[in-house]
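In: model this:
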Amino acid sequence: MLEKMFKLKENNTDIRTEVVAGITTFMTMAYILAVNPSILSASGMDSQAILMATALAAFVGTFAMALLANYPFALAPGLGLNAYFAYTVCGSMGYSWQIALLAVFIEGLIFIILSVTNVREAIFNAIPMQLKRGVSVGIGLFIAFIGFQNAGIVVNSDSTLVTVLDFTADFHTAGISAVLALIGTFIITILYIKGIKGSILIGILATWVLGIICQLIGLYTVMPEAGYYSLIPSWSNFSLDAIGLTFGQCFKADFGAIRIVDFAVIIFAFLFVDIFDTLGTLIGCATEANMLDKDGKLPRIKQALLADAIATSTGAVLGTSTTTTFVESSAGVSEGGKTGLASIVTGLLFLLSVFFAPIFITIPGFATAPALLFVGFLMIKSVVMIDFSDLTEAIPAYLCLLAMPLMYSISEGIAVGVISYVVINLLCGKAKKITPLMYILAVLFICKYIFL
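Out: Model (predicted):
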């Protein structure tokens, strides 16, 4: 049955590989179960309800991706958009979280329409192949940067924006966490070089276990007020009834409090970022897995985008911000995941996390950071496929891959790449190779920077 449903032999994979890939993707994404509630709760929503909504939205979205598109990509409420939801829409703009959820729900409906009418597919296909390769490399650098941050190795700096951690200061919290992340990175690297299946997943679990040992012998100190929590799972007060506090609340918003112009801007902001974050992630993961055809197109792209759109509206009903395709899916792809069976495994683990939330929330950022660091390396391999002999192709790709980590946004990297591609080729007398849709995208991106 699994062979018939997911075409494992046709995709040169097997059940074991897909299962390991699905578990690996989940492990690298599990942090969202802790991070999303911590961010969205600033809007006034209940933390337990958000956690359950996060897990259920990820389950629905990832299953939709598996069953509609047969791709090993997982979905969950996206970072960045959740901060916009909590701190801008519900913060500085003063809207209730119910109204914010309504905006996300409407955005999802618009997404469904755009997906069915081929608009999003056309955008994906309009991006030139060299620029797609730049997107893949940029995402690799971006998630590696996130890995360094999650490990605590790269920290904020007043003078240089970011700097390396002082390992000697606060060694029993920040210092030992960073050291364990480095050890985990070496574990994954050595296992991968030796051809051990599941090397990334093994590295995550090994790093977590080492952390538990360090806590038990006193090398790691629990300091919740500083963000260093116990690494040993424990069941505390957790109620499955909490989901009722957010479920369906988007339909109970105070419509009289909505300011039409503001509301339209909110929907457009959610829509714009989600479109290009999703497209960028699909490009990066598909490139890593060699899923793009000779023309740089992704088969079944419409189904993949439709799954993403369905997940967004479903997530809003459940009680969470925009649900989108996660770049951490590349971790599973790197483990050999090629079909929707990997996504089924990831989705089931998100569903189980509703009941075993304390376990999954306990997985520390420094344990998943090595996976992100190593996957970043695997994704930048596409840089050798960029045609550096044609500067009108190479420079936009370079600006795109550079912008993603520095601007901390996949969508901003795509924006820089598209604008620079159109401007450079237009002014260098190569306007013939610029498609009409690329002109439209460039203008939209420029308008976004002017008016948003």
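In: ranges for the helices of the stretch 1-150 of the chain?
Out: Counting by DSSP state H, counting those that start in this stretch, the stretch 1-150 of the chain has helices at residues 2-6, 15-29, 32-40, 47-69, 81-83, 97-116, 119-126, 129-151.
In: just checking, what packs against the first one?
Out: The one in question is helix 2-6. Secondary-structure packing of helix 2-6 (3 or more C-beta pairs under 8 Å, 6 or more residues apart in numbering; DSSP states H and E): helix 340-353. (Glycine included, C-beta is placed from N, CA and C.)
In: Give me the angle between the helix it packs on and helix 47-69.
Out: 160 degrees (axes from the mean of the first three to the mean of the last three C-alpha atoms, to 10 degrees).
In: which residues touch helix 340-353?
Out: By C-beta atoms under 8 Å, 6 or more residues apart in numbering, the list of residues contacting helix 340-353 from outside reads 2, 5-6, 8, 15, 18-19, 21-23, 25-26, 29-30, 33, 55-56, 58-63, 65-67, 69-74, 76, 332, 359-360.
In: how about 6 Å then?
Out: For helix 340-353, contacts defined as C-beta atoms under 6 Å, 6 or more residues apart in numbering pick out 6, 18-19, 21-22, 25-26, 33, 55, 58-59, 62-63, 65-66, 70, 72, 74, 332, 360.
In: Over to stretch 137-151?
Out: Stretch 137-151 is contacted by residues 154, 178, 181, 284, 327, 365-366, 369, 372-373, 376, 379-380, 382-383, 400-401, 404-405, 413 when judged by C-beta under 6 Å, 6+ apart.
In: can you check stretch 192-205 too?
Out: The contact list for stretch 192-205 (C-beta under 6 Å, 6+ apart) reads 20, 23-24, 27, 184, 187-188, 191, 331, 335, 367-368, 370-371.
In: export these to a markdown table and tack on distance to V317?
Out: Listed next are the contacts of stretch 192-205 as a markdown table, based on distance: C-beta to C-beta, whole Å:
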| residue | distance to V317 |
| --- | --- |
| V20 | 32 |
| I23 | 28 |
| T24 | 29 |
| M27 | 27 |
| G184 | 37 |
| I187 | 41 |
| I188 | 38 |
| L191 | 41 |
| A331 | 29 |
| E335 | 32 |
| A367 | 32 |
| T368 | 29 |
| P370 | 36 |
| A371 | 31 |
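In: In helices, which of these fall?
Out: 20, 23-24, 27, 184, 187-188, 191, 331, 367-368, 370-371 (DSSP state H).
In: And the helices in the stretch 251-400 of the chain?
Out: Secondary structure of the stretch 251-400 of the chain (DSSP H, counting those that start in this stretch): helices located at 260-288, 301-318, 329-334, 340-353, 357-362, 365-379, 391-407.
In: so which of those helices comes closest to V209?
Out: V209 sits nearest to helix 365-379 of all those, at 8.9 Å, using C-beta to C-beta.
In: Would you mind measuring from I32 to P77?
Out: From I32 across to P77, the span is 6 Å (C-beta to C-beta, to the nearest Å).
In: just to revisit the earlier point, want to try CSV for the helices of the stretch 1-150 of the chain, with mean neighbour count, mean pLDDT and distance to L351 as columns?
Out: Conversion of these to CSV gives the following (neighbours: other C-beta atoms under 10 Å; pLDDT from 0 to 100; distance: least, C-beta to C-beta, whole Å):
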stretch, mean neighbour count, mean pLDDT, distance to L351
helix 2-6, 14, 82, 18
helix 15-29, 25, 91, 11
helix 32-40, 22, 80, 12
helix 47-69, 26, 93, 4
helix 81-83, 20, 77, 21
helix 97-116, 22, 91, 20
helix 119-126, 19, 81, 27
helix 129-151, 25, 87, 24
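In: got the ones you listed as CSV, with distance to K297 columns?
Out: Shown next, in CSV, are the helices of the stretch 1-150 of the chain (distance: least, C-beta to C-beta, whole Å):
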stretch, distance to K297
helix 2-6, 21
helix 15-29, 23
helix 32-40, 30
helix 47-69, 14
helix 81-83, 27
helix 97-116, 16
helix 119-126, 5
helix 129-151, 10
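In: Have a look at the protein and report the helix or strand with the lowest mean pLDDT.
Out: The helix or strand of the chain with the lowest confidence, counting by mean pLDDT, DSSP states H and E, is helix 357-362 at a mean of 72.
In: In contact with the spatially most central residue of the chain, which residues are there?
Out: Nearest to the mean C-alpha position of the chain, by C-alpha atoms, centre = their mean, lies F326 at 2.8 Å. For F326, the contacting residues are M29, A74, A76, by C-beta under 6 Å, 6+ apart.
In: Could you count how many residues lie near T160?
Out: Neighbours of T160 under the rule other C-beta atoms under 10 Å: 7.
In: Roughly how far does it sit from L401?
Out: Look at T160 and L401: by C-beta to C-beta, they are 21 Å apart.
In: for L201, same thing?
Out: 27 Å.
In: Which one of these two is surrounded by more residues?
Out: Between L201 and L401, counted using other C-beta under 10 Å, the more crowded position is L401 (28 against 24).
In: average model confidence for stretch 275-283?
Out: Average pLDDT, stretch 275-283: 79.
In: Any chance you could list what contacts it?
Out: Contact with stretch 275-283 is made by F124, K132, V135, D308, T324, T325, V327, I410, S411, I414, as judged by C-beta under 6 Å, 6+ apart.
In: How far off centre is it?
Out: Taking C-alpha atoms, centre = their mean, to the nearest Å, one finds stretch 275-283 lying 10 Å from the centre of the chain it belongs to.
In: Could the C-alpha coordinates of that stretch be exported in CSV?
Out: The C-alpha coordinates for stretch 275-283 follow below in CSV (Å, rounded to 0.1, in the frame of the first residue of the first chain):
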residue,chain,number,x,y,z
ILE,A,275,4.2,33.5,-0.6
PHE,A,276,7.9,34.1,-1.0
ASP,A,277,9.0,32.3,2.2
THR,A,278,7.1,29.2,0.9
LEU,A,279,8.4,29.6,-2.7
GLY,A,280,12.0,30.0,-1.4
THR,A,281,11.8,27.0,0.9
LEU,A,282,10.3,24.8,-1.9
ILE,A,283,13.1,26.0,-4.3
